[in-house]
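Novice: Next input, structure requested:
(one chain, ligands or ions: 1)
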Amino acid sequence: MNGPDLDHHLAELRRLLALPRGRQPGALAGLRQRLPSPEVEPWNHSFGPGTLYEAWGRSTLMEGLYAANARTARGRLAERRGWVALEVGGGDGTLWARALPPDARGTLVLVDPLPEVHRRVAAALPPGVRLVSRVARIEEVAGELGEADLAVCSLSLHHVAGEDAARRAAAGLDGPGKAEVLAALHAALAPRDGLLVLNEADIYCDLELEPHDPVLVDRLLDSYVRRCARALADDIEGRNRVAADRDLRERWWAVIHRWCLDQVDAAERPAAERDVYELDVPRWLALLERAGFRVISRGFTDAYGLFCQYLCRP
Ligand SMILES: C[S@@+](CC[C@H](N)C(=O)[O-])C[C@H]1O[C@@H](n2cnc3c(N)ncnc32)[C@H](O)[C@@H]1O
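Specialist: Residues are numbered from 1 along each chain as shown. A predicted model of the protein is given here:
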């Protein structure tokens, strides 16, 4: 893509963001039709250097989240000898590359369904940290997590559909929902007086919202377009003062296009087949409390009010 094209697309996005909310879905459909459609890697499937995921990890939104999580994890693990940390959803291992000093010693149990994620996280760990790989979805292994001093669920629990098993059952799904997964994390952390770090977007779009519901469309827009795409557009235009060459700016645009603007298509899929089931802050707080956690602090890790970090004690 040449520079003028990128500038033009960004100007169109800015115009859309300035419209009244009710006119944005129509404007978004028009904008998406006008954009060229290059082949692009699917979300959350490739994690190495040069991928869109890596570009996403270098955005202002993720820099804020990683900085907050790395500070918390480093402080927590430094207090514990022979620590065990549990991570649900590892991405490319950036958190551990930032949190752990070269002489760290401990065990990281990683639950993630993708083998590539386990390879990336293994490569990010210092030599004294042992990786125990559970190649599975958290719903499949929630009852067998062992004990941990720290559990990190960063942008992963929104992949678990439904607030609890009963709501899943009502939608024709079996297995645990978010409440049961949180209860399992509580059971893993309680024996060691551990700490849960949860990061999630502040947006409600869980199972109850039916396909094509205008509320669902508006909430997907709120999360992925009004906040996420805006933050990435600010990165591209240098408003957040993150250093970026042309390649990175183009990958950020591809993230805006494919993972933000296109994400509203989730509103057309049957509820049980979406892959994002977010909750807003009051609902996360209620679920954490229900699982027995005490939220000792919470706050957004970015200036866009998108990703909230919850620190919780069992
Ligand atoms: C958006 S990435 C977040 C990665 C990392 N925690 C971060 O903050 O950058 C989501 C991760 O969760 C994993 N994931 C998706 N569904 C999951 C599930 N049901 N259980 C565990 N991990 C899951 C994905 O494979 C991916 O590694």
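
Novice: Give me the neighbour count for whichever residue of the stretch 201-314 of the chain sits closest to the ligand.
Specialist: Nearest residue of the stretch 201-314 of the chain to the ligand: Asp275, at 7.7 Å (CB to the nearest ligand atom). C-beta here means a position set from N, CA and C on the backbone, and glycine is covered the same way. Number of residues near Asp275 (other CB atoms under 10 Å) recorded here: 12.

Novice: just Arg119 next, same as before
Specialist: Residues near Arg119, counting by other CB under 10 Å, number 17.

Novice: Next one, pLDDT for it please.
Specialist: Predicted confidence (pLDDT) for Arg119: 96.

Novice: what helix or strand does the residue of the stretch 201-314 of the chain closest to the ligand sit in?
Specialist: Following DSSP states H and E, there is no helix or strand that holds Asp275.

Novice: Would you enumerate the residues in contact with Arg74?
Specialist: Listed by CB atoms under 8 Å, 6 or more residues apart in numbering, the contact set of Arg74 reads 99-101.

Novice: Can you tell me how far it is from the ligand?
Specialist: In this view, Arg74 and the ligand are 16 Å apart by CB to the nearest ligand atom, to the nearest Å.

Novice: still on that earlier bit, buried subset of the contacts of Arg74?
Specialist: The neighbour count (16 or more other CB atoms under 10 Å) marks 99-100 as buried among the contacts of Arg74.

Novice: Could you find the closest non-adjacent residue to the residue of the stretch 201-314 of the chain closest to the ligand?
Specialist: Counting by CB to CB, 6 or more residues apart in numbering, Asp275 lies nearest to His159, which is 6.0 Å off, once chain neighbours are set aside.

Novice: wait, the one you found sits on Glu278?
Specialist: No. Applying CB atoms under 8 Å, one finds His159 not in contact with Glu278, separated by 10.0 Å.

Novice: And the pLDDT at Leu220?
Specialist: pLDDT recorded at Leu220 is 95.

Novice: meant to ask about Ala11, not that
Specialist: On the pLDDT scale, Ala11 is placed at 95.

Novice: So which elements touch whatever helix or strand it lives in?
Specialist: If you go by DSSP H and E, Ala11 is part of helix 3-18. Judged by 3 or more CB pairs under 8 Å, 6 or more residues apart in numbering; DSSP states H and E, helix 3-18 is in contact with helix 24-34, helix 230-236, helix 246-255.

Novice: Mind checking if stretch 189-196 is in reach of the ligand?
Specialist: No. Using CB under 6 Å from any ligand atom, we find that stretch 189-196 stays clear of the ligand, coming within 13.6 Å at best.

Novice: need the contacts of Arg74 in a markdown table with distance to the ligand, can you?
Specialist: Below are those laid out as a markdown table (distance: CB to the nearest ligand atom, whole Å):
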| residue | distance to the ligand |
| --- | --- |
| Ala99 | 12 |
| Leu100 | 15 |
| Pro101 | 20 |
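
Novice: Can you pull out the low-pLDDT segments for this structure?
Specialist: The model of the chain has pLDDT under 70 over residues 1-3, 38-39.

Novice: So which residues on it come close to the ligand?
Specialist: So far as CB under 6 Å from any ligand atom goes, the chain lies against the ligand at 44, 88-91, 111-114, 117, 137-139, 154-156, 159-160.

Novice: again, 8 Å this time
Specialist: For the chain, the contact set with the ligand under CB under 8 Å from any ligand atom comprises 43-44, 47, 53, 57, 62, 65-66, 69, 87-92, 94-95, 111-114, 117, 136-139, 152-157, 159-160, 199, 275.

Novice: And Met62, which helix or strand is it part of?
Specialist: Taking DSSP H and E as the criterion, the element that holds Met62 is helix 60-78.

Novice: Glu139 too?
Specialist: Using DSSP H and E, Glu139 falls within helix 138-141.

Novice: packing partners for the very next helix or strand once past that helix?
Specialist: Next helix or strand after helix 138-141 toward the C-terminus (DSSP H and E): strand 150-154. The contact analysis (3+ CB pairs under 8 Å, 6+ apart) places strand 150-154 against helix 60-78, strand 83-88, helix 178-189, strand 195-201.

Novice: Quick one: distance of the helix holding Met62 to the chain centre.
Specialist: 14 Å (CA atoms, centre = their mean, to the nearest Å).

Novice: how about that helix: buried residues?
Specialist: By 16+ other CB under 10 Å, the buried positions in helix 60-78 come out as 60-66, 68-70, 72-73, 76-77.
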